[in-house]
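Chemist: could you look at this predicted model? Sequence included:
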Amino acid sequence: MGKQAREVVEQAGINVEELLEKLVRAAAAEFTTYYYYTILRVNSIGFEGEGIKEIIEDARLEDRNHFEALIPRIYELGGELPRDIRKFAEDSACPDAYLPDDPRDMKQLLTVLVEAERCAIRVYSELCNMTTGKDHRTYALCLAVLHEEVEHEAWFSEFLEEGPSGHFRRRTPGQSPYVSGFLTARF
């Protein structure tokens, strides 16, 4: 634990235990989303499915990066991950992104994806609001994740014909252009 890091955040008026709870729940959401997006990607088959498979893969890998980027900050502030993965998954900040009843219905599958991203946007917006001007490191990290979650939502909502996203594909899947600077583990 970084003693000074925690003290500075406490002195700024942030309840560190509450912040840690939110960060762990956000990490759980990223971890479970990575798992569920794996299932959703595998089930993206046929003409329609192949069109979104690459985008699901990109979001999936970036969610793994989000998880990896959150972990050091949790431990720097004196937190930790639950020892039981079931408890970790149960405490996720977002609902599970289950495969829809009809996995061949790409509109249902896309709805699952876009709702998962919208939940993530709410989670990171709340974390940014909580830390802005008080905990610069956590704020910068959460803002970077928020940028990528907004792009993910835009990609999936574009497929639902909600309008053009204005975003373009990454050079390489899982690039994490905003979060990459926070990653301590490179894949």
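Modeler: Thanks, I have it. Residues are numbered from 1 along each chain as shown.
Chemist: can you get me a residue count around Leu81?
Modeler: By other C-beta atoms under 10 Å, the residues close to Leu81 number 16. C-beta: built from backbone N, CA, C; applies to glycine.
Chemist: what's the mean pLDDT across stretch 67-87?
Modeler: The average pLDDT for stretch 67-87 rounds to 96.
Chemist: how long is that stretch end to end?
Modeler: Stretch 67-87 has an end-to-end distance of 16 Å (criterion: C-alpha to C-alpha, to the nearest Å).
Chemist: tell me which element Leu143 falls in.
Modeler: Leu143 belongs to helix 136-159 when assigned by DSSP states H and E.
Chemist: what's stretch 149-168 in contact with?
Modeler: Residues from elsewhere that reach stretch 149-168, judged by C-beta atoms under 8 Å, 6 or more residues apart in numbering: 51-52, 55, 58-59, 62, 106-107, 110-111, 113-114, 117-118, 120-121, 124.
Chemist: how does it look with 7 Å?
Modeler: Outside stretch 149-168, the residues that touch it by C-beta atoms under 7 Å, 6 or more residues apart in numbering are 52, 55, 59, 107, 110, 113-114, 117-118, 120-121, 124.
Chemist: and the helices in the chain?
Modeler: 3-11, 16-42, 46-76, 85-90, 106-131, 136-159 (DSSP state H).
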